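Student: Structure of the sequence below:
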Amino acid sequence: MMIELNEELYRKLAKLVYIGEWVVNSHRANEEDYEFTDIEQHIYSYSEKFGCNDIIEYDEEHDMYLPTKDMDDQVMDFIDEFLDTNKGDFIGFN
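Tutor: Residues are numbered from 1 along each chain as shown. As a prediction, the model looks like this:
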């Protein structure tokens, strides 16, 4: 199956992948336990083809695609808003 995306949709998908990965893994101390790294890396690997090197960059040292500081700033606004809005809804969340 093929999914067609333009640059705008790819940018939105990359942000959703970032948010999803953050929700699943931000509390895990051991990177070996990260469940979705494979799909995250697959989606991020298309960043250059979509002209999105401003939000995803390849890190040769770690042999991984990583969100840029700009992407981090954009997405953390969503995460912070979610956490602020739902702070009392999570057991044990401060």
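
Student: switch to C-alpha atoms for all contacts and neighbour counts from now on
Tutor: Will do.

Student: Okay, now the unreliable bits of this protein?
Tutor: By pLDDT under 70, the low-scoring segments of the chain are 31-32, 88-94.

Student: now Tyr10: how far from Tyr46?
Tutor: According to CA to CA, to the nearest Å, Tyr10 stands 9 Å off from Tyr46.

Student: Look at these two and report which has more neighbours.
Tutor: The residue with more neighbours, out of Tyr10 and Tyr46, is Tyr10; 19 against 16, by other CA atoms under 10 Å.

Student: show me where the protein has helices.
Tutor: Along the chain, the segments classed as helices by DSSP state H run 7-25, 37-44, 69-85.

Student: Now for the residue most central in space within the chain: which residues touch it?
Tutor: Closest residue to the average C-alpha location of the chain: Tyr18 at 1.1 Å, with CA atoms, centre = their mean. Going by CA atoms under 8 Å, 6 or more residues apart in numbering, Tyr18 touches Glu40, Pro67, Val75.

Student: what's the closest of these to Asp54?
Tutor: For the contacts of Tyr18, the residue nearest Asp54 by CA to CA is Pro67; the value is 8.7 Å.

Student: ok, that closest one - contacts?
Tutor: Tyr18, Ile55, Ile56, Glu57.

Student: ok, now with 7 Å
Tutor: Ile55, Ile56, Glu57 (CA atoms under 7 Å, 6 or more residues apart in numbering).

Student: List only buried entries from those residues.
Tutor: Ile55, Ile56, Glu57 (16 or more other CA atoms under 10 Å).

Student: could I get these as TSV with distance to Asn6?
Tutor: Shown next, in TSV, are the buried ones among the contacts of Pro67 (distance: CA to CA, whole Å):
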residue	distance to Asn6
Ile55	15
Ile56	16
Glu57	19
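
Student: Can you list which of those are found in strands?
Tutor: Of the positions in the buried ones among the contacts of Pro67, Ile56, Glu57 sit in strands, assigned by DSSP state E.
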